[in-house]
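Q: I'll drop the sequence and a predicted model, then ask my questions.
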Amino acid sequence: MSDFDLGRQMSRIDRFTYRFFWSLLWLVVKAWFRFRVVGGENLPKDEAYILSPVHRSYLDTPVSGMVTSRRLRFLGKESLWNSRFGGRFLTIVGGFPVERGTADRAALRACQEVLERGEPMVMFPEGTRRYGPVVLAEDMHAGPAFVALRAGVPIVPMGIAGTDHAMPGGSAFIRPTKVYMVVGEPLRPPVVEGRVPRRVVDEFTEELRQRMQMVFDEAQRLAGRPALPRPPDVPDGD
């Protein structure tokens, strides 16, 4: 993973390209889902942070990026950068590659470096796509909490309701369904000197889970519908 991938300064052309495609996607998503963002003022304006949405649909990644015009960074498989043009485009819109098969700690170090550069990023604490109206403790991954503690940045929980109805598990079609995104207040990590104790990571992860459940409940209430259960013969995962 090169320094170019993680921290290359955006040129004027890069910024124009990002704004163009972000605006285009915003218009498409707004027209199709009539999405509404509640609590957008909770997003930090001038500091790095981790945006941590619930994950119930393949649509959550592009939809999450609509809560702010500020570029959000996200992890991608290194193979996606095999194409020179495709890799350049992914980098401009916020992606950075992680070699498939590398240890999780390598990816976490890359996330920490991005945050230390002052850039916000998206990390799904549930790891992969889940089902149902409850954020389960056993589905939570410690990575976002660990990185937040190491980088000293806040985590912003976000509930998304409606994306699973727009594209249910096993469906190849996207339905025009109302989507609500509820952004919670930033969760500030405790200050830790030196090595981060596992106990602190676990406690912070549980606090994040509870906050995610709160904003997810609110998003479901606004949408007027609970999250869908897992369809038969459709496993969790992306």
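A: Arrived safely, thanks for sending. Numbers count the residues shown, from 1 in each chain.
Q: How much space separates residue 146 from residue 187?
A: To residue 187, residue 146 is 14 Å away according to C-beta to C-beta, to the nearest Å. Placement of C-beta: from N, CA and C, glycine included.
Q: Excluding sequence neighbours, find me the nearest residue to residue 227.
A: What sits nearest to residue 227 in space, not counting adjacent residues and going by C-beta to C-beta, 6 or more residues apart in numbering, is residue 133, at 4.5 Å.
Q: Residue 146 and residue 187: which has the busier surroundings?
A: Neighbour totals were compared for residue 146 and residue 187, and residue 146 leads with 23 against 20 (other C-beta atoms under 10 Å).
Q: Which secondary structure element is home to that one?
A: helix 143-151 (DSSP states H and E).
Q: Would you mind finding the longest helix in the protein?
A: Of all the elements of type helix in the chain, the one with the most residues (DSSP state H) is helix 198-223.
Q: now that helix against helix 143-151, angle please.
A: With axes from the mean of the first three to the mean of the last three C-alpha atoms, to 10 degrees as the criterion, the two stretches helix 198-223 and helix 143-151 enclose an angle of 120 degrees.
Q: re earlier: so who does the residue nearest to residue 227 touch?
A: By C-beta atoms under 8 Å, 6 or more residues apart in numbering, the contact list for residue 133 reads 216-217, 220, 226-227.
Q: just residue 33 next, same as before
A: The contact partners of residue 33, taken as C-beta under 8 Å, 6+ apart, are 63, 162-163, 166, 176-179.
Q: Most widely separated two among those residues?
A: Using C-beta to C-beta, the contacts of residue 33 span at most 13.5 Å, a distance reached by 63 and 176.
Q: Would you mind checking which helix or strand in this protein has the lowest mean pLDDT?
A: helix 3-7 (a mean of 47; mean pLDDT, DSSP states H and E).
Q: helix or strand right after that helix?
A: Where DSSP H and E defines the elements, the next helix or strand beyond helix 3-7 is helix 12-33.
Q: How far off centre is that next one?
A: The chain centroid and the centroid of helix 12-33 are separated by 18 Å under C-alpha atoms, centre = their mean, to the nearest Å.
Q: Distance-wise, check the residue nearest to the spatial centre of the chain relative to residue 195.
A: Central residue of the chain (C-alpha atoms, centre = their mean): residue 122, 3.1 Å from the mean position. Between residue 122 and residue 195 the distance is 26 Å, computed by C-beta to C-beta.
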